[in-house]
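**Student:** just a sequence and a predicted model for now, questions to come.
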Amino acid sequence: MTDVMSELHRRGLIAQSTDEDALRAALAAGPVTYYCGFDPTAPSLHVGHLLQFMVLRALQRAGHQPIVLVGGATGLIGDPRMSSERVLNDPATVAAWVDRIRRRVAPFLDRPAAEQGLRAPLYVDNLDWTAPLSAIDLLRDLGKHFRVGRMLAKEAVAARLNSEAGISYTEFSYQILQANDFRELFRRHGCTLQSGGSDQWGNITAGADLVRRTEGASAHALATPLITTADGTKIGKTEGATVWLDPELTSPYAFFQYWLGVDDVDARAWLPLFSERPAGEVEALIAESEARPAARAPQRALAEELTRLVHGEDELRQAEAAGRALFGRDDLAALGAETLGAALREAGSVTVDGGTPTVAALLQQTGLVASLSEARRTVREGGAYLNNQRVTDAEAVPGEDDWLPGGWLVLRRGKRSVAGVRRAGSPGRDT
RNA sequence: GGCGGGUUGCCCGAGCGGCCAAUGGGAGCGGACUGUAAAUCCGUCGGCACAGCCUACGAAGGUUCGAAUCCUUCACCCGCCA
């Protein structure tokens, strides 16, 4: 059994943990059952959550037994955010998100289980044991083990108490539910380790404490660091939009492009965290980046590995090909209908029927800009391109000559935002 | 409970009867440079049927030819005194 703690440390995946010697010993003694929970606060997980899967996968590779929890119950309550009270989501919505997230997340651990004979993950939903919990059970069996003083001292709670927003009893109680999850998983599956983001540290240790106190067993906790970009913003935001793991929300192409566009400083910092390559290769890539930044070696490695992990080999190939086609120096018309079509379908496209709209209207319809005003402004600023030619008149209508093989127009905003326009009834597959 | 100050565009923050879609900074976006990077410089930054119009300055009313700017009420925040 490999020393997984060393790997996690080397990759910078551990921000804090409970008694590390004890944890090391437990991991060395045999398969440990461990879990990580994800609350359904959106239809999909995003790039930031990926880090948790890196930890889950490393432990799985080391022979341990993963459990993935999707918080159908805790998602209805909401954990306290630093800033303000959460808006409660509708139960039906949360239930739908639970399903959707679980389906998307399966390959991360199921694939290694199938291909490398590792332990297959268990999927659980805390709604299963939280929904039947009565108010009496909650107050008698759980509440007695929680000291209000300790609960108030948790960072997330304390911050909110001192803020203008204050905190509702609902969110204050969140830690009890998450702690109960840990105990429940211990009872049901012998789970003794929980991992999560460092923002969850208070909740995680609440669970470990509960298991120790009521079950007399040792339970461990592991937290990953909070990852930010060099300029302090959250990972996984482009143009204000979140980079999701669900291909319906963020196309594999956009996902691939996100990683490729990461700046040098971040790419070097993130590579060890997100790459499962051997240490030597990671170091070589970083050295390569310092020597020849233009090659963007760490960015490419991240884009390839993570797109393959999240979307699979086929989608990776297509995203790569699309990027090459659209950013390459080749003449667009020379690309051929097949390549062009595939690239633009990846990048995002709309179909027009009947008369061709103006360039400004097309920019808006493809989502490249938010409004017609913005479209006109973009053209005025010289940031709009039709088939790689700068557009000077927002009201111009693309002519017959502009349509590329397969019935396509390539619309671009700035350097990297590309979208396709397809003429309805063109030969070939429809979008 | 009393007195005073505040609530402005994504954020911070000027404006205090017409010249205000609203100074300035930040973020964002575009251009130049470059490497689909960073830094820097320049431009831009509510919407639309775009030389015009519509919507906006906590909410609702009012005064006025005309209000973000004055008055009234309400909501929330922040100080000082009890």
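**Tutor:** Okay, I see it.
**Student:** which SS state does the residue nearest to A:R100 when sequence neighbours are not counted fall under?
**Tutor:** Once flanking residues are discounted, A:R100 sits nearest to A:P43: 5.5 Å by C-beta to C-beta, 6 or more residues apart in numbering. For every residue, glycine as well, the C-beta is placed using N, CA and C. For A:P43, the secondary structure call by DSSP: H, G, I helix; E, B strand; the rest coil comes out as coil.
**Student:** thought A:V98 was touching A:P43, still the case?
**Tutor:** No - between A:P43 and A:V98 there is no contact under C-beta atoms under 8 Å: 10.3 Å.
**Student:** compare these two (neighbour count), which wins?
**Tutor:** Neighbours were counted for A:P43 and for A:V98 using other C-beta atoms under 10 Å; A:V98 has more, 21 against 15.
**Student:** what is the host helix or strand of the more buried one packed up against?
**Tutor:** For A:V98, the element it lies in under DSSP states H and E is helix A:91-116. If you count contacts as 3 or more C-beta pairs under 8 Å, 6 or more residues apart in numbering; DSSP states H and E, helix A:91-116 packs onto helix A:50-61, strand A:65-70, helix A:74-77, strand A:122-125, helix A:297-311.
**Student:** among those, which comes closest to RNA strand B?
**Tutor:** helix A:297-311 (6.7 Å; C-beta to the nearest atom of the strand).
**Student:** who does that closest one touch, helix- and strand-wise?
**Tutor:** On a contact count with 3+ C-beta pairs under 8 Å, 6+ apart, helix A:297-311 meets helix A:50-61, helix A:91-116, helix A:252-260, helix A:264-274, helix A:279-291, helix A:313-327.
**Student:** save the ones you listed as TSV, and put in mean pLDDT and distance to A:W129 too.
**Tutor:** Listed next are those as TSV, based on pLDDT from 0 to 100; distance: least, C-beta to C-beta, whole Å:
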stretch	mean pLDDT	distance to A:W129
helix A:50-61	96	21
helix A:91-116	95	14
helix A:252-260	91	34
helix A:264-274	92	33
helix A:279-291	94	40
helix A:313-327	89	36
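**Student:** what's the closest of the ones you listed to A:A156?
**Tutor:** Ranking these by their distance to A:A156 (criterion: C-beta to C-beta) puts helix A:50-61 first, at 17.8 Å.
**Student:** so how far is RNA strand B from the residue lying closest to A:L69 once chain neighbours are set aside?
**Tutor:** Excluding the flanking residues, the one nearest A:L69 by C-beta to C-beta, 6+ apart is A:G37, at 3.9 Å. To RNA strand B, A:G37 is 30 Å away according to C-beta to the nearest atom of the strand, to the nearest Å.
**Student:** spell out the secondary structure type for A:G37.
**Tutor:** strand.
**Student:** burial count for it?
**Tutor:** Applying other C-beta under 10 Å, we find 25 other residues in the vicinity of A:G37.
**Student:** before we move on, what about A:A333?
**Tutor:** 14.
**Student:** the closest residue to it other than its chain neighbours bridge partners, please.
**Tutor:** Nearest non-adjacent residue to A:A333, counting by C-beta to C-beta, 6+ apart: A:L404, 5.5 Å away. Listed by DSSP bridges, the beta-bridge partners for A:L404 are A:W408.
**Student:** doesn't A:L340 make contact with A:L404?
**Tutor:** Yes - between A:L404 and A:L340 there is a contact at 6.1 Å, judged by C-beta under 8 Å.
**Student:** name the residues contacting each of these two.
**Tutor:** A:L332, A:V410 (C-beta atoms under 8 Å, 6 or more residues apart in numbering).
**Student:** for RNA strand B, give me its nearest residue in chain A.
**Tutor:** Going by C-beta to the nearest atom of the strand, RNA strand B is nearest to A:G414 of chain A, at 2.2 Å.
**Student:** A:A384 versus that residue, what's the distance?
**Tutor:** Computed with C-beta to C-beta, to the nearest Å, the distance linking A:G414 and A:A384 is 9 Å.
**Student:** hmm, back to that, most tightly surrounded among the helices and strands packed on helix A:297-311?
**Tutor:** Neighbour counts (mean count of other C-beta atoms under 10 Å) averaged over each of the helices and strands packed on helix A:297-311 peak at helix A:252-260, with a mean of 24.
**Student:** which elements pack onto that helix?
**Tutor:** helix A:297-311, helix A:313-327, helix A:337-347.
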